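Novice: Sharing a model that was predicted from the sequence below.
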Amino acid sequence: MVSVIFPAAGQGRRMQAGKNKVLLELAGQPIFLRTLLRFSAVPRVDELIVVTGADEMAYMQQVLERTPGLKPWRIVAGGSERQYSVANGLAAADAQADIILVHDAARPLVSQATIEAVIEGACTYGAAIAAVPAKDTIKVVDSEGIVQSTPPRRTLWLVQTPQGFQRDILLRANEQAAQDGFLGTDDASLVERLGVPVHVVSGGYENIKLTTPEDMRVAAALLQDKTD
């Protein structure tokens with residue numbers, strides 16, 4: 001059984017919208033709803049768990065209750081950090097779920113092929129993440145703005161979500177992080193600390209995280225291209 005956790009409790013300050021960015025509409029639908037509908041179209045996905053702020057739970061529930069075509073879903077309250085929100089979602093997942101995916105609610109353009117590849121990777125290897133090769137040269141820069149090194153571009157990947165894990169691995173990773181007081185930038189970083197190899201599967205450059213007003217315009221254009 002595959003359960004998907006959607007962290008959706010961010011403040012969205014860079015979006016300059018005055019509210020949680022996933023509540024904004026993209027081409028007539030709230031961003032978080034578009035994201036959930038993408039996953040509901042994947043046969044291997046069984047459960048959707050939305051993790052959001054306590055003051056937004058009632059609104060999201062209203063939206064989901066009147067939307068046909070969704071896989072079974074539930075909404076749980078988030079924590080003070082994304083990592084804690086994912087842990088709350090993990091605790092709420094169905095006991096039969098052996099594969100857990102974590103996906104940013106603010107990535108509504110993820111493809112079905114990417115979702116399926118991450119599920120397959122998690123089943124095969126225990127841990128798999130979607131990513132794309134970096135197109136630009138990356139510089140390591142110190143606090144004074146001085147370039148320190150230029151890593152080989154062929155080794156650099158831009159990490160996305162979904163990230164998928166066998167349930168026991170993600171549980172152990174979160175427990176160890178909590179014990180150590182470690183906060184990671186993504187779920188894979190917690191799993192890496194256990195020494196578990198994390199495999200990369202091909203994502204898509206269109207699988208952008210909607211963070212700024214410019215991202216909204218790009219996403220709207222990508223959706224328009226698909227309908228033309």
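Specialist: Sure thing, it's come through. Numbering: from 1, shown residues only.
Novice: Can you spell out which residues form a bridge with residue 201?
Specialist: Residue 201 has these beta-bridge partners by DSSP bridges: residue 130.
Novice: contacting residues around it?
Specialist: 114, 117, 118, 120, 121, 128, 129, 130, 131 (C-beta atoms under 8 Å, 6 or more residues apart in numbering). Backbone N, C-alpha and C define where each C-beta goes, glycine included.
Novice: And the residues you listed, which of them are buried?
Specialist: 114, 117, 118, 121, 128, 129, 130, 131 (16 or more other C-beta atoms under 10 Å).
Novice: isn't residue 52 right next to residue 20, touching?
Specialist: Yes - contact status for residue 52 versus residue 20: in contact at 7.3 Å, counting by C-beta atoms under 8 Å.
Novice: so what's in contact with the two at the same time?
Specialist: By C-beta under 8 Å, 6+ apart, residue 52 and residue 20 have these common neighbours: 8, 9.
Novice: where do the helices sit along the chain?
Specialist: 31-40, 57-65, 82-92, 112-125, 167-180, 187-192, 213-227 (DSSP state H).
Novice: same for the fourth one, what does it pack against?
Specialist: Spelled out, that is helix 112-125. Judged by 3 or more C-beta pairs under 8 Å, 6 or more residues apart in numbering; DSSP states H and E, helix 112-125 is in contact with helix 31-40, strand 99-102, strand 127-133, strand 157-166, strand 199-202.
Novice: try it again with 10 Å
Specialist: Judged by 3 or more C-beta pairs under 10 Å, 6 or more residues apart in numbering; DSSP states H and E, helix 112-125 is in contact with strand 2-7, helix 31-40, strand 99-102, strand 127-133, strand 157-166, helix 167-180, strand 199-202.
Novice: Between helix 112-125 and the fifth one, find me the angle.
Specialist: In other words, strand 157-166. 60 degrees (axes from the mean of the first three to the mean of the last three C-alpha atoms, to 10 degrees).
Novice: For strand 157-166, which strands pair with it and how are they oriented?
Specialist: Assessed with DSSP bridges, strand 157-166 is paired to strand 99-102 (antiparallel), strand 127-133 (antiparallel).
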